[in-house]
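J.: Kindly return the folded structure for what I paste below:
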Amino acid sequence: MQWRARAIWCSLIGAGAITMAQEAPVPEQAAEAATTQALPTAQELRKARKALEAPDEHVVSQSRMFSVSGGDSLHMGAIATKADEVRGRVNSLLGFEDNHRFAISIRLLGQTTDREVARPIRTRISIIGNEPNLQIRIHPGGGIDVERLTNAIITMVLYERALRDVRSDALPDSIRVPEWLVTGVQQAILWKSGKADRRLYRNLFEKAEMMSPEVIIATKNAARLDASSREVYEVSCGVLVMCLVSREGGQAQLRELVAESVLAEGTPAEIIATHFHELGIDEGMLHRWWALQLASMAEAPATEMLTPMETEQQLKEIITILHYDKETRTSRPVSLDNAYALVEVPDWRAQLRPLSDRLLELTVHAFPGYRPIIVEYQRLIVELLNGKTPDDVQQILGPVRELREAYVTTSLRARDYLDWYEITHLGKSPSKGSFAAYREAMDVLRRDDKGPDTPMSRYLEDIEALYQLGEKEALPERLRKQIPPRPKTTPDAEDE
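T.: Numbers count the residues shown, from 1 in each chain. The predicted model follows:
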């Protein structure tokens with residue numbers, strides 16, 4: 001019983017059950033003071049004994065590859081289920097067999113009410129009994145980041161696959177799964193499961209901001225990148241893994257690359273070229289594979305629907321033709337919304353005819369509320385080509401443009417509300433600010449800065465207003481007031 005009493009005593013000290021006196025007792029009271037302050041109460045002894053005798057509760061996943069401990073059964077069960085789900089998706093992506101040799105231990109350290117730490121999810125590998133011990137440690141303070149947890153699970157699954165056939169005495173001093181590989185597998189899983197945002201691939205593809213394969217595999221410590229660069233890096237890694245795994249025999253080659261990249265020495269480019277032999281013949285082939293894969297992932301599927309803002313942007317582009325000015329040798333955009341200016345373009349009929357087909361293509365992906373608007377523009381094009389006057393067209397355009405403006409305003413308000421809700425409700429300390437106050441702040445931010453009111457600024461504004469003035473449009477009121485009146489003449493002067 002001595003070891004049990006010592007354990008109880010140590011546990012009480014660690015829990016802070018024993019407190020020290022702030023003032024040192026006098027010598028004759030030392031023995032009594034030590035007795036009253038050091039001895040735990042019966043209730044504290046019972047709690048400590050119960051804590052020592054309580055079994056170490058843990059949850060084993062269905063695949064029996066993951067053992068989760070340190071939390072309540074609900075959280076441990078959810079993490080075990082998530083770990084098995086991620087493992088299954090990794091096996092499906094890379095064609096791994098559904099088995100394992102080493103188990104992975106997941107330990108929760110603390111409660112969700114604890115303070116956040118710098119690295120809340122950490123991985124560690126140690127050698128115990130000539131076998132690797134794979135561990136994931138989670139500090140749940142502030143909540144568990146599912147994306148980080150998924151990244152850690154993928155990392156340990158790849159480690160287990162790479163180390164299962166390696167003797168302990170053959171392990172190198174340091175092993176590390178390349179970051180581009182883990183991130184790429186994670187992004188490829190999102191893509192395969194339909195959870196990736198294809199618009200992000202499209203936007204980055206159109207702006208030519210994707211990282212090249214050479215830059216991806218050479219990037220070290222991507223966590224130090226800023227938010228936008230980090231997002232570009234992650235999507236680029238996903239494209240790279242997808243282009244490798246989609247090759248003929250790519251799954252088998254990528255499985256070999258996983259083990260080789262963890263254990264072998266050499267640059268990432270050399271390791272990739274070792275397992276994808278075509279790359280050793282043509283250095284530019286990887287870049288071509290990657291570019292084709294990116295173009296394929298950026299292409300919109302037939303069933304994808306655009307948002308109201310995206311539909312509005314594409315509609316603006318379609319109903320705009322160009323007026324080439326021979327004198328200035330510049331092209332000026334003219335919208336169908338201004339029928340008066342449009343019919344003054346010399347070749348407006350030739351430019352207007354193909355727009356109906358483009359509008360028809362837009363209806364396939366357009367936001368449903370925009371489809372009646374698109375139909376109206378198709379009808380206006382037909383009527384203009386059949387001789388309808390600009391006056392009649394402008395009367396029809398009035399309600400259509402009002403409906404478009406209503407969609408834009410509603411979309412902005414909906415986005416603002418979602419942003420406001422996330423800012424004020426999803427944090428630790430929800431703000432009590434109203435949505436109306438948030439809207440006022442957003443209106444101020446979106447409002448154009450008028451700048452200083454000086455003669456030069458007013459002169460530049462007048463020039464800009466004249467430049468943007470459509471053909472046969474009346475001058476704005478402010479400009480008309482600046483035109484000096486014509487001098488009065490006498491009859492004699494007119495005769496002269």
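J.: Tell me the buried residues in the helix ranked longest in the chain?
T.: Under DSSP state H, the helix in the chain containing the largest number of residues is helix 390-425. Residues of helix 390-425 classed as buried under the neighbour-count rule (16 or more other C-beta atoms under 10 Å) are Pro390, Val393, Ile396, Leu397, Val400, Arg404, Tyr407, Ser411, Leu412, Asp416, Trp420, Thr424. Placement of C-beta: from N, CA and C, glycine included.
J.: Spell out the residue ranges of the helices in the stretch 1-150 of the chain.
T.: Secondary structure of the stretch 1-150 of the chain (DSSP state H, counting those that start in this stretch): helices located at 2-15, 30-38, 42-53, 73-94, 146-163.
J.: I'd like the mean pLDDT over the third one, please.
T.: Throughout helix 42-53, pLDDT has a mean value of 56.
J.: And the fourth one, by the same measure?
T.: Mean pLDDT, computed over helix 73-94, is 92.
J.: Next, the buried residues of that helix.
T.: Residues of helix 73-94 classed as buried by neighbour count (16+ other C-beta under 10 Å): 75-76, 79-80, 82-84, 86-87, 89-91, 93-94.
J.: what's the answer for stretch 324-335, then?
T.: Judged by neighbour count using 16+ other C-beta under 10 Å, the buried positions of stretch 324-335 are Arg332, Val334.
J.: Quick one: residues in contact with it.
T.: The list of residues contacting stretch 324-335 from outside it, by C-beta atoms under 8 Å, 6 or more residues apart in numbering, reads Lys316, Ile319, Thr320, Ile321, Leu322, His323, Ala341, Leu342, Val345, Trp348, Gly470.
J.: want to throw these into a markdown table with secondary structure and pLDDT?
T.: As requested, these are arranged in a markdown table below (DSSP: H, G, I helix; E, B strand; the rest coil; pLDDT from 0 to 100):
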| residue | secondary structure | pLDDT |
| --- | --- | --- |
| Lys316 | helix | 89 |
| Ile319 | coil | 88 |
| Thr320 | strand | 88 |
| Ile321 | strand | 86 |
| Leu322 | strand | 85 |
| His323 | strand | 81 |
| Ala341 | helix | 85 |
| Leu342 | helix | 86 |
| Val345 | coil | 86 |
| Trp348 | helix | 87 |
| Gly470 | coil | 59 |
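J.: packing partners for the helix or strand harbouring Tyr201?
T.: Using DSSP states H and E, Tyr201 falls within helix 198-207. Here helix 198-207 touches helix 227-245, helix 285-298, going by 3 or more C-beta pairs under 8 Å, 6 or more residues apart in numbering; DSSP states H and E.
J.: In terms of mean pLDDT, which of the ones you listed ranks lowest?
T.: By mean pLDDT, the lowest-scoring of these turns out to be helix 285-298, with a mean of 80.
J.: That one vs helix 198-207, what angle?
T.: Inter-element angle recorded for helix 285-298 and helix 198-207: 130 degrees (by axes from the mean of the first three to the mean of the last three C-alpha atoms, to 10 degrees).
J.: Please identify the buried residues of helix 285-298?
T.: Leu286, Trp289, Trp290, Ala291, Gln293, Leu294, Met297, Ala298.
J.: likewise stretch 102-121?
T.: Buried-residue list, stretch 102-121, by 16+ other C-beta under 10 Å: Phe102, Ile104, Ser105, Ile106, Leu108, Pro120, Ile121.
J.: if we can go back for a sec, for the buried residues of helix 73-94, which one is nearest Arg358?
T.: Checking the buried residues of helix 73-94 against Arg358 with C-beta to C-beta, the nearest one is Leu93 at 38.0 Å.
J.: And this protein, split by domain according to the record?
T.: 2-53, 58-170, 179-298, 308-446 (automatic domain parsing).
J.: So which of the ones you listed is nearest Asp462?
T.: Nearest to Asp462 among those is domain 308-446; the distance by C-beta to C-beta comes to 18.8 Å.
J.: tell me the SS of Tyr377?
T.: Secondary structure for Tyr377, judged by DSSP: H, G, I helix; E, B strand; the rest coil, is helix.
J.: Which pLDDT does the model give it?
T.: As summarised for this prediction, Tyr377 has a pLDDT of 89.
J.: Output the buried residues of helix 390-425 as TSV; include the columns pLDDT.
T.: As requested, the buried residues of helix 390-425 are exported to TSV (pLDDT from 0 to 100):
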residue	pLDDT
Pro390	84
Val393	84
Ile396	82
Leu397	84
Val400	85
Arg404	85
Tyr407	78
Ser411	75
Leu412	76
Asp416	70
Trp420	67
Thr424	66
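J.: Of all pairs in those residues, which one is the farthest apart?
T.: Pro390 and Thr424, at 48.8 Å, using C-beta to C-beta across these.
J.: Now do the contacts for Ile216.
T.: With contact taken as C-beta under 8 Å, 6+ apart, Ile216 is in contact with Trp180, Tyr233, Ser236, Cys237, Leu240.
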